[in-house]
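Colleague: predicted model and sequence follow; I will ask about them next.
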Amino acid sequence: MVVSDVVIQILSKLPPQSLLRFKSVCKSWYHLINHPKFVTKHLLDSFPHKHVLIKRALTNHSGKQELVFSILKFSLNGSVSIMDINLTFQEIDPLLELCGHSHGLVCLSDCDDAFLVNPMTRQFHKLPPSILIFRGCHHDDPDYYSAIPFTIGFGYDAKSSDFKVVRIVSCRGQAKSSMRVEIYDLSKDKWREIEAPDLCGNARFIPSFDMCHEGIFYWWGYGEPRINEVDSIITFDMSEEIFGKISLPESFNDTKHKISLRVLNKSIILFVYPFESNETNIDIWEMEKDESSVVSWSKLLTIDPPFGVEHPLLFVSCEELLMESSEGHVIMYNTATQLFKKLPIEGDVTYAKPHRFEAHDLFIESLLPVEGGRDMINYDF
């Protein structure tokens, strides 16, 4: 039976969880929903509807920790709907960090192992072993005695229509130490090594800071004090496979401030807030680029949230900010009215605070597969 264009139009507007159920209606619907062209159409129809993704680990009644994704959808009238997705994969440690998302796919990793997950379809794919990581003294190259994963990032390469994972590995030996970089291409389902510039060694894996935006991955860049090197932001262009470096606002002091990177109105912003819990001021800076791509920072505003609402997560609108409370709740804080409300999302009280939650905006619900080795050129985004 041929599926009509009208039915295709209707189905492409539905959420993935409904489509997964509808695959059992008949064979024609099953083949349609699995077809790459329909998956692409569904994704394109989903792009205008971007949500907030919150990852957390919860302890269930049996005492085991589970991985939970919460999808937050915000309506025009200010209400918010929350959908929790429990992923009880025995193969995936619930405490793995979220190191990027794109087109509905999420990468979870501890830098050693990495998984691609589609929370909506509940599919996961464990990436092949690294071609660089090794531990111990036995290796072909006598200069090296170990190669330890340093940091990792995930994003979409619009140029090749492929998803990539980039991993920086620290190699240390008796005679020298160096950094090496490998790239995983989902379409090929394998790793390859690329040239590693010196500055990639500054990148640090900090989930509350790391993110991918418009094909560029951003890490915290640690400055080495003994050589008078200042902290910065390290970037990686997923298409050109080139590392870069961005300076931080001059007022930033790593001995006094914590920092996180997010997006507001398609612009990169920085949350800069104090270490001391009795200080609550949060400065918000916006990144600006001139015609020569030279970066500068301008301060948007300073907010002073109420006591106990201490850790910024991300903006969901120009005035509404998601924050983490000291008691392990997600708080919606209005920067204009200074009013706040508690959302029904709680973190595990046994987990270290703050940062019980990993929150990411611009999340899209999709049917994209996570299996490696597919010809991703079919997905013309």
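Modeller: Received the coordinates, thanks.
Colleague: and the top helix by length along the chain, what's buried?
Modeller: In the chain, with assignment by DSSP state H, the single longest helix is helix 36-46. For helix 36-46, burial by neighbour count (16 or more other CB atoms under 10 Å) applies to Pro36, Phe38, Val39, Thr40, Lys41, His42, Leu43, Ser46. (Each C-beta comes from the backbone N, C-alpha and C, glycine too.)
Colleague: tell me which of those is nearest to Phe163?
Modeller: Leu43 (12.8 Å; CB to CB).
Colleague: returning to that earlier point: other SSEs contacting the longest helix of the chain?
Modeller: helix 5-11 (3 or more CB pairs under 8 Å, 6 or more residues apart in numbering; DSSP states H and E).
Colleague: the helix it packs on - contacts with which helices or strands?
Modeller: Helix 5-11 is packed against helix 27-34, helix 36-46, with contacts defined by 3+ CB pairs under 8 Å, 6+ apart.
Colleague: continuing past the last one, what's the next helix or strand?
Modeller: Just to be clear, that refers to helix 36-46. Sequence-wise, the next helix or strand downstream of helix 36-46 (DSSP states H and E) is strand 51-59.
Colleague: run me through the strand neighbours of that next one, direction for each.
Modeller: Within its sheet, strand 51-59 is paired with strand 65-74 (antiparallel), strand 358-363 (antiparallel), according to DSSP bridges.
Colleague: deepest of these, which one?
Modeller: Neighbour counts (mean count of other CB atoms under 10 Å) averaged over each of those peak at strand 358-363, with a mean of 22.
Colleague: run the chain-centre distance for that one.
Modeller: 7 Å (CA atoms, centre = their mean, to the nearest Å).
Colleague: which residues does it contact?
Modeller: 50-56, 71, 97-98, 101, 104, 207-208, 211, 262-263, 313-316, 322, 330 (CB atoms under 8 Å, 6 or more residues apart in numbering).
Colleague: try 6 Å this time
Modeller: Lys50, His51, Val52, Leu53, Ile54, Lys55, Leu98, His101, Pro207, Leu313, Leu314 (CB atoms under 6 Å, 6 or more residues apart in numbering).
Colleague: where in the stretch 151-300 of the chain is pLDDT low?
Modeller: 174-175, 225-226, 254-255, 276-279 (pLDDT under 70).
Colleague: how does it look with 50?
Modeller: Scanning the stretch 151-300 of the chain for pLDDT under 50 picks out nothing.
Colleague: what ranges does it have for its strands?
Modeller: Listed in chain order, the strands of the stretch 151-300 of the chain (DSSP state E, counting those that start in this stretch) span 162-172, 177-185, 190-194, 203-204, 211-213, 216-221, 232-237, 242-247, 257-264, 267-274, 282-289, 295-303.
Colleague: can you mark which positions in the third one are buried?
Modeller: When neighbours are counted by 16+ other CB under 10 Å, the buried residues of strand 190-194 are found to be Trp191.
Colleague: which elements pack onto that strand?
Modeller: Applying 3 or more CB pairs under 6 Å, 6 or more residues apart in numbering; DSSP states H and E, we find strand 190-194 packed against strand 177-185.
Colleague: what's the strand it packs on packed up against?
Modeller: strand 162-172, strand 190-194.
Colleague: who wins for proximity to Asp231 among those strands?
Modeller: Comparing those under CB to CB, the one sitting nearest is strand 162-172, at 17.0 Å.
Colleague: related to what we said a few turns ago, ok, the buried residues of helix 36-46 vs Trp297, which is closest?
Modeller: Ser46 (32.8 Å).
Colleague: can you give me the distance of that closest one to Leu368?
Modeller: 10 Å (CB to CB, to the nearest Å).
Colleague: and Ile148, by the same measure?
Modeller: Applying CB to CB, the value for Ile148 to Leu368 is 31 Å.
Colleague: the two: who's more crowded?
Modeller: Set side by side, Ile148 and Leu368 show more neighbours around Leu368, with 26 against 14, by other CB atoms under 10 Å.
Colleague: and that one, what is it in contact with?
Modeller: For Leu368, the contact set (CB under 6 Å, 6+ apart) comprises His103, Gly104, Leu105.
Colleague: so which of those wins on neighbours?
Modeller: Leu105 (24 neighbours).
Colleague: which residues does Thr302 contact?
Modeller: Asn281, Asp283.
Colleague: tell me how many other residues crowd the nearest residue to Glu193 once chain neighbours are set aside.
Modeller: Closest residue to Glu193 apart from its sequence neighbours, by CB to CB, 6 or more residues apart in numbering: Glu182 at 5.1 Å. Glu182 has 21 neighbours, counted by other CB under 10 Å.
Colleague: contact partners for Glu182?
Modeller: Counting by CB under 6 Å, 6+ apart, Glu182 has contacts Ile131, Leu132, Arg167, Trp191, Glu193.
Colleague: go on, Glu229?
Modeller: Contacts of Glu229 by CB under 6 Å, 6+ apart are Gly223.
Colleague: can you list the neighbours in contact with stretch 3-20?
Modeller: Residues outside stretch 3-20 that contact it (CB under 6 Å, 6+ apart): Ser28, Leu32, Ile33, Lys41, His42, Asp45, Met120, Thr121, Glu365, Leu367.
Colleague: is the nearest residue to Leu87 once chain neighbours are set aside in a bridge, and if so with what?
Modeller: Leaving aside its sequence neighbours, Leu87 sits nearest to Leu67 (CB to CB, 6+ apart; 4.6 Å). Beta-bridge partners of Leu67, counted by DSSP bridges, are Ala57, Leu87.
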